[in-house]
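> Provided below are the primary sequence and the corresponding predicted coordinates.
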Amino acid sequence: MADVTGERMTSNVAQSQRTIDLFPEIMLLEPEAAPITVVLRSIYNGGRRRKTNDPMFSWHEDELAERIGINDGGDTAAALAIDAIDGSVFADDDLVFVPSTGEVFRVTEVAANTLTVIRGIGSTTAADIADTAEMYIIGTAAAEGSDSEVAESNNPVKVTNYTQIVKNSIEASASWRSTANESTPHDWGYQHRKEGIEHEKTKELAFLHGSPSADATGGTPGPIRTTGGLDHYLTENIIDAGDAALTETGFEDAMRAWFRYGSSTKTLFASPLIVSQLSLFAQGKVQTTVGTTTYGVRVQTYYSPHGTLNIVKHNLLEGEQSGNAYVVDFVAGNVQYRYLDGSGAPGGSRDTRLYTDRQNPGTDGQRDEIISEVGLQCGLPKTGGRLTGVAGV
């Protein structure tokens, strides 16, 4: 047992006691193996990386009141009771504009999904309202001297996800670790790098396709938790290309939906097939930039009147997923990389680390292990979206 004289440092403590953060080194080796993880941890304002105190973590989602209701069944110009698919959108004294006819009517009472109304307000004229026609709330008109309106509000919705334990091991006999290699680096170091990249790819695939779950009884020896990914949380603005190639007009139509809510700069993680098709669009709209803060992830930028879309090629979107892409709003801050690290808990951080000497006592060899306990937070699905069904040309 070696004694340490003076200050204990990383160079003189027992190396088996150290835990090593592999993330920067792994990402420098093959950054495009896990681009979502790289972007979350590296690009925007020092990354979107945040601790969670518990394996189960939650966030709240809320949005402004809906202003568009849909007619149910159609109504004639003479009707004073108008049916809506969802009457809860409307309230007494609402002024409602029907874009398809130009009429404005005023709501005097709401009973379930039936609106009692006064038709043809001002210079507008009552007209037949077609089934599924939009009815747009443009404001309220209260009577002079009337009492105050009854307050209406919505409670935020709680959304939950879990951290998932991901493990990769590297193991070799003492003899092999002491045997010279013709290759550089030695196989022991090479296997660490290789397993590190596989580890990041496993996390990346969970962030794409995972479904949140917590099984308290089915695991051995303890609970098993899985984290939900973009497939689970991005439920809005899903644009289906219909097994056809992308067109510039169709892509601009999709941009309108993707940029209706959230920030004016978003990121598209796209399959190689989609990136190839986007590269054929007008030269002035697609530019390529490579920033030093991206750990080598190549970013193209698509410029549109609706917003700026950073395009990142995702090589894991292949095979039957080659027609898919994901739109993520990192700037708004509602998409984050979460890792278990209870404040002051003795175990410390469970973000990606290498743990050495995990073999059983007496084993004539060494086993190291890469462990992460991480999850994805993906809130406010209306700020993102997906693209599916893109076919080759």
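That came through fine. Residues are numbered from 1 along each chain as shown.
> wait, residue 125 sits on residue 103?
Yes: taking CB atoms under 8 Å as the definition, residue 125 is a contact partner of residue 103 at 6.3 Å. In this view, the C-beta of every residue, glycine as well, is placed from N, C-alpha and C.
> Quick one: mean pLDDT for the top strand by length along the chain?
Secondary structure of the chain per DSSP state E: the longest strand is strand 365-378. Per-region confidence: strand 365-378 scores 95 on mean pLDDT.
> Give me the buried positions along that strand.
Neighbour-count burial for strand 365-378 flags 366, 368, 369, 370, 371, 372, 373, 374, 375, 376, 377, 378 (criterion: 16 or more other CB atoms under 10 Å).
> for it, packing partners?
Counting contacts by 3 or more CB pairs under 8 Å, 6 or more residues apart in numbering; DSSP states H and E, strand 365-378 is packed against strand 56-61, strand 157-162, strand 164-173, helix 174-177, helix 187-209, helix 230-233, strand 335-340, strand 353-355.
> Show me what secondary structure element comes after the longest one.
Proceeding N to C from helix 187-209, the next assigned helix or strand is strand 213-215, under DSSP states H and E.
> would you list every one of the strands in the stretch 251-393 of the chain?
265-270, 286-289, 299-304, 307-313, 325-328, 335-340, 353-355, 365-378, 385-390 (DSSP state E, counting those that start in this stretch).
> Can you add distance to residue 234 and give those back as JSON lines?
Converted to JSON lines, the strands of the stretch 251-393 of the chain look like this (distance: least, CB to CB, whole Å):
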{"stretch": "strand 265-270", "distance to residue 234": "11"}
{"stretch": "strand 286-289", "distance to residue 234": "23"}
{"stretch": "strand 299-304", "distance to residue 234": "19"}
{"stretch": "strand 307-313", "distance to residue 234": "15"}
{"stretch": "strand 325-328", "distance to residue 234": "6"}
{"stretch": "strand 335-340", "distance to residue 234": "10"}
{"stretch": "strand 353-355", "distance to residue 234": "29"}
{"stretch": "strand 365-378", "distance to residue 234": "7"}
{"stretch": "strand 385-390", "distance to residue 234": "5"}
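> Looking at those strands, which is nearest to residue 87?
strand 385-390 (28.5 Å; CB to CB).
> Name the residues that touch the closest one?
Applying CB atoms under 8 Å, 6 or more residues apart in numbering, the contact partners of strand 385-390 are 230, 234, 236-246, 254, 257-258, 268, 270-271, 273-274, 277, 322-327.
> Enumerate the positions of stretch 133-143 that are buried.
For stretch 133-143, by 16+ other CB under 10 Å, it's 133, 134, 135, 137.
> Look up the closest residue to the first one, ignoring the ones flanking it.
Residue nearest to residue 133 in three dimensions, not counting chain neighbours: residue 71, with 4.5 Å by CB to CB, 6 or more residues apart in numbering.
> The one you found is in contact with residue 87, isn't it?
No: with contact defined as CB under 8 Å, residue 71 does not count as touching residue 87 (11.3 Å).
> Wait, a helix at residue 127?
No: judged by DSSP: H, G, I helix; E, B strand; the rest coil, residue 127 forms no part of a helix; its state is coil.
> Can you report how many residues lie near it?
16 (other CB atoms under 10 Å).
> ok, now how distant is it from residue 264?
Distance, residue 127 to residue 264, using CB to CB, to the nearest Å: 37 Å.
> Kindly report the same for residue 210.
Taking CB to CB as the measure, residue 210 falls 29 Å from residue 264.
> more crowded one of these two?
Neighbours per residue, other CB under 10 Å: of residue 210 and residue 264, the larger number sits with residue 210, 22 against 11.
> okay, that one: pLDDT?
pLDDT, read off for residue 210, is 96.
> how much space is there between it and residue 38?
Between residue 210 and residue 38 the computed distance is 18 Å (CB to CB).
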